[in-house]
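Peer 1: just the structure for this:
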Amino acid sequence: MTAARTIRLGLPKGRMQDNVHALLEDAGIHIRPGRTSSTRDYRPAISLPDFDAKLLKPQNIVEMLHIGSRDIGFTGRDWVIEKEADLVELIDTGLDPVELVAAAPMKILENGRLPDRHLVVASEYERLTRSWIAEASLDATFVRSYGATEVFPPEDADCIIDNSATGATLRANGLETVASILTSSTCLFAHPAALDDADKRDAISSFSMMIRSVIDARRRVMVEVNVTADCLEPVVASLPSMREPTISPLHGNSGYAVKAAVPRDRLARIIPRIKAMGGTDIVVSPISNIVA
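Peer 2: Residues are numbered from 1 along each chain as shown. Now for the predicted structure:
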């Protein structure tokens, strides 16, 4: 097979940057400063051959993917929806989850609702905001913001549409959520044409596999437990392994060592159960990658 053509990767600047870089690092994909080693260098070096990386704002990554100047990129699903970009979602990383909400100053709300009068609504999300205004049958004027949308009320807007991770910024500015519009997180997207190219598709598939291996591993831990022969089947039945657990005989045929990758969020229930069923020497270890 011929060498893969260059895969043009968009990496997000700002809020998503650190988590995406950590995800890549755990996948064995190293991002390093480019030739200038400057904080203003938007072309970092990437350890994968035939990959070219560029740092862009998440909104711009959507636009560059949409027109095809980038093949794949990490960005928020909210911006893909906002810009109605024709992209293929490869992976939802679950990183940097946010909720796009409508919020307004508490003092203008009437029984928790927006007042029945003409309103000014500020947002960076024009299409989603205009759609929400129409669906809510509001008499409202849209005003575009360019960051720091929460500072608009009360003097320059009655209501805002903005993404919120914890709601702390909204509360700090005296704003109350009045509607939830959508939820979003960092996803890996591709331009459809990149997947139509066989060489690019293979390279993108391998890249996606390694990213997914880290995400899957973060959701599980490795549990190892020793059991006697009479306790083996009850303990195995209690382990929610990916397929089947690995079972090995202990020295001197004194029992078995059982090993399984179990969901991290079920660990607090699993350990007491297998202990009660006769499991001993229980060891829990982190997992760096899982490739099914």
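
Peer 1: in stretch 11-19, what's buried?
Peer 2: Judged by neighbour count (16 or more other Cβ atoms under 10 Å), stretch 11-19 contains these buried residues: 11, 12, 13, 16, 17, 19. Where you see a C-beta, it was placed from the backbone N, CA and C, and this is true even at glycine.

Peer 1: so which of the residues you listed sit within helices?
Peer 2: Members of the buried residues of stretch 11-19 lying in helices (criterion: DSSP state H): 17, 19.

Peer 1: of the buried residues of stretch 11-19, which is the nearest to residue 110?
Peer 2: Using Cβ to Cβ, residue 16 comes nearest to residue 110 of those, at 36.9 Å.

Peer 1: is it possible to get CSV of the buried residues of stretch 11-19 that adds distance to residue 260?
Peer 2: Below are those laid out as CSV (distance: Cβ to Cβ, whole Å):
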residue, distance to residue 260
11, 35
12, 35
13, 40
16, 33
17, 35
19, 28
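
Peer 1: and of the buried residues of stretch 11-19, the nearest to residue 115?
Peer 2: Residue 115 has its nearest neighbour among the buried residues of stretch 11-19 in residue 16, at 35.6 Å by Cβ to Cβ.

Peer 1: for the closest one, which residues are in contact?
Peer 2: Residue 16 sits next to 58, 74, 75, 76, 95, 96, 186 when contact means Cβ atoms under 8 Å, 6 or more residues apart in numbering.

Peer 1: select from those the one having the most neighbours.
Peer 2: Neighbour counts for the contacts of residue 16 peak at residue 75, which has 31 neighbours (criterion: other Cβ atoms under 10 Å).

Peer 1: how far away is residue 239 from residue 249?
Peer 2: Using Cβ to Cβ, to the nearest Å, we find residue 239 at a distance of 18 Å from residue 249.

Peer 1: repeat that for residue 178.
Peer 2: 63 Å.

Peer 1: ok, back up a step: more neighbours, residue 239 and residue 249?
Peer 2: residue 239 (19 against 11).

Peer 1: and residue 49, how many neighbours?
Peer 2: 10.

Peer 1: repeat that for the one 5 residues further on.
Peer 2: By other Cβ under 10 Å, 20 other residues sit near residue 54.

Peer 1: just residue 57 next, same as before
Peer 2: Residue 57: 15 neighbours (other Cβ under 10 Å).
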